[in-house]
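Undergrad: With the sequence up front, the predicted model follows.
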Amino acid sequence: MNADGQPRALAVAPDEGPGTHGGAGSEPGLRLVFGASGYIGTYLVPRLLAAGVPVRVAARRREVLEARAWPGVEIVEADALDPDTLPAALAGVSIAYYLVHSMAAGKAFGRLDLEAAANFAKAAEDGGVGRIVYLGGLVPEDAGSEHIVSRRETGEVLRAGRVPVTEIRAGIIVGPGSAAFEVMRDLVYHLPVMVTPRWVRAKSPPIALDNLLEYLVRAPMLEATKGKLLDAAGPEALTYEAMMRQLAASAGRRPPWIIPVPVLSPRLSSYWLRFVTSVPTNVARALIEGLKHDFTADGAELRRLVPQRLLDFRESVEAAFAAERNAEVQARWTEGAFAMRKRRVDYAYYAKRASGSAETSASPDAVWRVVSAIGGDNGYYYLNWLWTLREVLDWAIGGPGLGRGRRHPSEVRLGDKIDYWDVIGIEPERRLTLAFGMRAPGAGVLELEILPLANGRTRLTATAYWHPAGVWGLLYWYSLEPVHRLIFAGLTREICRRAEAAVD
């Protein structure tokens with residue numbers, strides 16, 4: 001990883017460039033990263049930009065992409081389940097990366113994946129796209145998990161179209177935000193004793209995020225990869241138990257005591273995941289149910305076409321931790337941002353969240369004046385007695401809960417202290433981002449976002465993001481989540497009411 005926390009370009013010997021294996025390299029033209037707001041897309045886009053290629057990014061929500069602050073990219077709102085949104089995303093595209101899946105949708109994700117892939121393949125054909133690059137998963141011969149089967153069938157649906165497809169199949173990806181990696185990290189940091197199914201003895205060839213990104217950037221430039229299925233794997237095959245022990249060693253933790261139980265199936269064990277990991281439950285459950293297999297990969301062809309030094313598992317983990325520590329400070333919340341997790345590698349990458357919103361006839365400027373005056377003598381506008389109760393409880397355990405006050409009653413600056421909050425992001429008339437400062441098992445962020453609507457009205461949304469520290473952090477969140485939703489619904493209504501009253 002380089003100094004700004006983005007994956008570095010791996011060294012390739014001068015006589016082993018892409019043009020010397022399997023055909024000459026070609027200028028790629030415009031590349032579309034479809035699903036750019038996801039885990040791989042978030043890291044792939046900066047790598048493509050560093051390679052000097054023009055990039056268009058697409059996701060269902062434009063604002064999520066804008067939060068990444070990628071310089072020089074074209075942003076398009078598109079959804080593979082809505083075919084009418086696809087032509088604009090695919091127009092003029094030479095290479096389209098297809099990086100979407102529907103695991104978070106729950107039980108219907110397999111059907112949704114196939115529908116989305118069919119829509120995308122048809123739109124790519126109609127738009128004259130030169131090639132589709134699909135990141136799939138390794139598939140054991142006896143695969144029965146819907147997650148694994150869906151990844152395989154998605155590739156088949158894409159290949160059924162007329163646009164050539166390069167499918168790169170990977171197993172466990174070792175890097176910040178990888179669901180499998182984050183489940184292991186949460187277990188290692190917060191469960192010293194684990195009663196697990198026998199799948200902890202199953203083997204898989206993990207691959208470093210850096211190595212996978214190098215494959216994704218360079219492989220599509222080769223004629224020899226057109227229409228190919230290519231396995232991407234690291235230099236070793238390890239059991240999940242061995243991976244967790246090595247992860248613990250790299251983290252400076254005592255290796256967990258792992259007790260495999262024959263009668264505990266992956267499906268049964270998946271039901272308690274929501275209490276031990278912050279990885280979205282549907283995603284974690286789909287992953288766990290597929291881990292009863294040994295995963296194998298034949299990565300020889302991809303290694304020949306795109307030569308690079310492959311990191312072993314321990315190096316991959318250390319690179320992941322280094323990437324987080326070197327990450328840039330961000331002015332607003334984005335999934336996994338290290339600064340939003342108090343720069344703690346043991347705080348969960350994925351956040352729990354609760355929000356409330358309200359609309360008003362007041363202008364964004366009027367709403368901002370109320371938002372920017374929050375806290376101090378002005379209080380929190382709604383159910384102040386609940387805020388006070390939490391502050392007293394924090395003070396009782398030695399926290400700063402009763403340290404009320406702010407520099408100015410209505411003005412706000414970056415770095416200000418507002419009671420027990422730190423102001424970490426300001427976009428006047430748009431967004432105020434506050435980091436939570438009371439004692440709690442995890443890291444919290446509160447964002448108040450103002451959005452002008454087409455009908456002349458204004459929407460205010462308050463969202464709390466919580467990165468839990470293990471089991472206690474998750475229990476803390478679940479105990480307060482209903483209260484958060486109540487407070488934020490009332491808070492936004494009251495701010496809107498005050499903004500209207502100020503105008504009147």
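TA: That came in fine, so what should we check first? Predicted model, so just to flag it, every value in this text is computed and none were measured.
Undergrad: Have a look at the protein and report its longest helix.
TA: When the chain is parsed with DSSP state H, its longest helix is helix 470-503.
Undergrad: Just the buried residues of that helix, please?
TA: Neighbour-count burial for helix 470-503, counted by 16 or more other C-beta atoms under 10 Å, picks out 470, 473-474, 476-477, 480, 484, 487-499. (Each C-beta comes from the backbone N, C-alpha and C, glycine too.)
Undergrad: Where does P307 sit: helix, strand or coil?
TA: What DSSP: H, G, I helix; E, B strand; the rest coil gives for P307 is coil.
Undergrad: From A297, how far off is it?
TA: Between P307 and A297 the computed distance is 17 Å (C-beta to C-beta, to the nearest Å).
Undergrad: average pLDDT across the longest helix of the chain?
TA: Mean per-residue pLDDT for helix 470-503: 94.
Undergrad: Point out where the stretch 101-250 of the chain drops to low pLDDT.
TA: 102-109, 142-147, 197-199 (pLDDT under 70).
Undergrad: what are the ranges of the strands in it?
TA: 131-137, 165-170, 173-174, 193-196, 203-204, 207-208, 229-232, 238-239 (DSSP state E, counting those that start in this stretch).
Undergrad: Make a markdown table from those strands and add distance to S372 and mean neighbour count to it.
TA: Converted to a markdown table, the strands of the stretch 101-250 of the chain look like this (distance: least, C-beta to C-beta, whole Å; neighbours: other C-beta atoms under 10 Å):
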| stretch | distance to S372 | mean neighbour count |
| --- | --- | --- |
| strand 131-137 | 42 | 25 |
| strand 165-170 | 46 | 24 |
| strand 173-174 | 41 | 28 |
| strand 193-196 | 47 | 15 |
| strand 203-204 | 50 | 19 |
| strand 207-208 | 44 | 27 |
| strand 229-232 | 48 | 22 |
| strand 238-239 | 51 | 17 |
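Undergrad: residues contacting the closest residue to V193 other than its chain neighbours?
TA: Excluding the flanking residues, the one nearest V193 by C-beta to C-beta, 6 or more residues apart in numbering is W257, at 4.7 Å. Contact analysis of W257 by C-beta atoms under 8 Å, 6 or more residues apart in numbering lists 192-194.
Undergrad: and if you look at R404?
TA: 375-377, 391, 419.
Undergrad: rerun that using 10 Å as the cut-off
TA: By C-beta atoms under 10 Å, 6 or more residues apart in numbering, the residues touching R404 are 375-377, 379, 388, 391, 418-420.
Undergrad: Kindly report the same for L86.
TA: L86 sits in contact with 34, 58, 76, 78-80, 119-120, 122-124, 126-127, where contact means C-beta under 10 Å, 6+ apart.
Undergrad: How about D377?
TA: 404-406, 409.
Undergrad: Let's see if you can find the most crowded of these.
TA: In terms of neighbours by other C-beta atoms under 10 Å, these top out with R406 at 20 neighbours.
Undergrad: N378 and V53, how far apart?
TA: Applying C-beta to C-beta to N378 and V53 gives a distance of 49 Å.
Undergrad: before we move on, what about L213?
TA: The value you get for L213 to V53, if C-beta to C-beta is used, is 13 Å.
Undergrad: Now do the shared contacts for those two.
TA: R47.
Undergrad: what about the two, which has more around it?
TA: L213 (23 against 17).
Undergrad: Surely the more buried one and Y97 touch.
TA: No: the pair L213 / Y97 is not scored as a contact, 11.2 Å apart, by C-beta atoms under 10 Å.
Undergrad: so who does D394 touch?
TA: Counting by C-beta under 10 Å, 6+ apart, the residues that D394 touches are 400-403, 420, 437-440.
Undergrad: Now list the buried members of these.
TA: Counted by 16+ other C-beta under 10 Å, the contacts of D394 give 401, 420, 437-438, 440 as buried.
Undergrad: On the C-terminal side of the strand or helix carrying A323, identify the next helix or strand.
TA: Secondary structure from DSSP states H and E places A323 in helix 313-325. The helix or strand immediately downstream of helix 313-325 is strand 352-360, counting by DSSP H and E.
Undergrad: Partner strands of that next one and their direction?
TA: strand 458-468 (antiparallel) (DSSP bridges).
Undergrad: what distance separates the strand it pairs with from the centre of its chain?
TA: 17 Å (C-alpha atoms, centre = their mean, to the nearest Å).
Undergrad: ok so, going back, closest to W333 out of the contacts of D377?
TA: R406 (21.2 Å; C-beta to C-beta).
Undergrad: and the closest one, bridged to which residues?
TA: Here R406, judged by DSSP bridges, has bridge partners I418.
Undergrad: From E449, how far out is it?
TA: For R406, the distance to E449 - C-beta to C-beta - is 20 Å.
Undergrad: same question, T492
TA: For T492, the distance to E449 - C-beta to C-beta - is 10 Å.
Undergrad: any residues in contact with both of the two?
TA: 355, 357, 371, 459-462.
Undergrad: What pLDDT does the model give E289?
TA: 70.
Undergrad: who touches both of L213 and Y97?
TA: 40, 44, 48.
Undergrad: Would you confirm that T296 belongs to a strand?
TA: No: when three-state DSSP is applied, T296 is found to be coil, with no strand at that position.
Undergrad: show me the contacts for it.
TA: 138, 140-141, 171, 203-205, 231, 233, 237.
Undergrad: Go again with 8 Å.
TA: 138, 140, 203, 205, 237.
Undergrad: Rebuild those as JSON lines, extending it with distance to A69.
TA: Shown next, in JSON lines, are the contacts of T296 (distance: C-beta to C-beta, whole Å):
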{"residue": "L138", "distance to A69": "34"}
{"residue": "P140", "distance to A69": "40"}
{"residue": "K203", "distance to A69": "40"}
{"residue": "P205", "distance to A69": "34"}
{"residue": "A237", "distance to A69": "38"}
